[in-house]
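Trainee: Have a look; sequence and predicted model below, questions after that.
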Amino acid sequence: MLRLIIGKAGTGKTAGIINEIKEAVDKKLGERIFIVPEQYSHEAEKELASVCGDTMSLYAEVFSFTGFARRISACVGGGA
């Protein structure tokens, strides 16, 4: 399921998403993907790891838009 979360800066969008991912990681509820703009991907991954801990990488992943497109292409044989 895709959800778009939009709003003004400083309204808690990122914190809300990270807390939701943390709850899913704690409950081991499948994989969660966090898609962010390219320039924010490294910062988002650091923030997610600091909140969720070491097990985060088993259940959540941060992608930029282009990184997500590359992953999908690789999964469906786009390079073949």
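Mentor: Perfect, thanks for sending it.
Trainee: chain center to stretch 48-66, what's the gap?
Mentor: Computed by Cα atoms, centre = their mean, to the nearest Å, the chain-centroid distance of stretch 48-66 equals 6 Å.
Trainee: Check which residues of that stretch are buried.
Mentor: Leu48, Cys52, Met56, Tyr59, Ala60, Glu61, Val62, Phe63, Ser64 (16 or more other Cβ atoms under 10 Å). All C-beta spots, glycine's among them, are computed from the backbone N, C-alpha and C.
Trainee: Pick out whichever of the residues you listed sits closest to Phe34.
Mentor: Closest to Phe34 out of the buried residues of stretch 48-66 is Val62 (4.8 Å), distances taken as Cβ to Cβ.
Trainee: Contacts only, for that closest one.
Mentor: Ile33, Phe34, Ile35, Val36, Ser41, Ala44, Glu45, Leu48 (Cβ atoms under 8 Å, 6 or more residues apart in numbering).
Trainee: Among these, which lie within strands?
Mentor: The strands, defined by DSSP state E, take in Ile33, Phe34, Ile35, Val36 from the contacts of Val62.
Trainee: was I right about the second one contacting Ala44?
Mentor: Yes. Under the contact definition of Cβ atoms under 8 Å, Phe34 touches Ala44, with a separation of 6.2 Å.
Trainee: would Gly7 count as being in a strand?
Mentor: No. Assessed with DSSP: H, G, I helix; E, B strand; the rest coil, Gly7 is coil; it does not lie in a strand.
Trainee: That one and Lys13 touch, don't they?
Mentor: Yes. Counting by Cβ under 8 Å, Lys13 is a contact partner of Gly7 at 5.4 Å.
Trainee: The two: which has the busier surroundings?
Mentor: More neighbours surround Lys13 than the other of Gly7 and Lys13, with 13 against 9 (other Cβ atoms under 10 Å).
Trainee: okay, Ala80: pLDDT?
Mentor: Note on Ala80: pLDDT of 61.
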